[in-house]
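Undergrad: all I have is the shape, not the residue letters:
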Ligand SMILES: CC(C)(COP(=O)(O)OP(=O)(O)OC[C@H]1O[C@@H](n2cnc3c(N)ncnc32)[C@H](O)[C@@H]1OP(=O)(O)O)[C@@H](O)C(=O)NCCC(=O)NCCS
């Protein structure tokens, strides 16, 4: 299966926001009010196309994932990484992580921070990130999330475990 990564386009941002919510729901947040509280943080706005980097992964079946990064002052933030629920665990997340790392590095970042959903933290550890503490959720008051970092200066995709 080939996975193509390309920049996101304005007219697909609404669909990509819906993908993020569907993806977030896989961790069993069956409380609709929890997902509603996350909706704003998981939504893309048109201006994001200028202020951040957004890429989508596509297979023959269409768009299967999205990633968003922001770079400022040599530091990057992984703002979103969401895979279509039916397409998880087939390598799409890793491909989009590689894109994020390479894009952040090419824009001059030396580290990339990740405030992870607890269910996704191990995925990031498997892909070169290490824990640096916790961060307050931007959506749910009082909820703390694992905070991780990837050193971009010392870490190339081939050095990260299992990355092709
Ligand atoms: C977390 C997420 C991005 C991973 O993407 P994915 O496409 O399913 O992962 P991949 O198939 O690329 O997996 C790459 C490697 O990570 C491992 N992995 C994937 N998800 C994992 C998880 N939740 N926990 C532990 N390991 C995980 C895979 O087994 C694989 O390792 P291997 O090659 O040694 O077997 C995806 O599951 C997702 O979108 N989850 C829901 C939304 C979410 O929480 N996003 C992150 C917000 S911070």
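TA: Arrived safely, thanks for sending. Note that the coordinates shown come from a computational prediction; the quantities given were computed from them, not determined experimentally.

Undergrad: so what's the closest residue to residue 46 other than its chain neighbours scoring on pLDDT?
TA: With C-beta to C-beta, 6 or more residues apart in numbering as the criterion, residue 46 has its nearest non-adjacent residue at 6.0 Å, and that residue is residue 10. (Glycine included, C-beta is placed from N, CA and C.) Looking at residue 10, its pLDDT is 98.

Undergrad: so which residues on this structure come close to the ligand?
TA: Residues of the chain found near the ligand (C-beta under 6 Å from any ligand atom) are 23-24, 26, 81-83, 88-94, 116-117, 119-120, 122-123, 126, 162.

Undergrad: and with 5 Å instead?
TA: 23, 81-83, 88-89, 91-94, 116-117, 120, 122-123, 126, 162 (C-beta under 5 Å from any ligand atom).

Undergrad: restricted to helices, list these.
TA: Among those, the ones falling in helices (DSSP state H) are 23, 92-94, 122-123, 126.

Undergrad: just those residues now: which is nearest residue 139?
TA: residue 23 (14.6 Å; C-beta to C-beta).

Undergrad: the closest one contacts residue 80, doesn't it?
TA: No: with contact defined as C-beta atoms under 8 Å, residue 23 does not reach residue 80; the gap is 9.3 Å.
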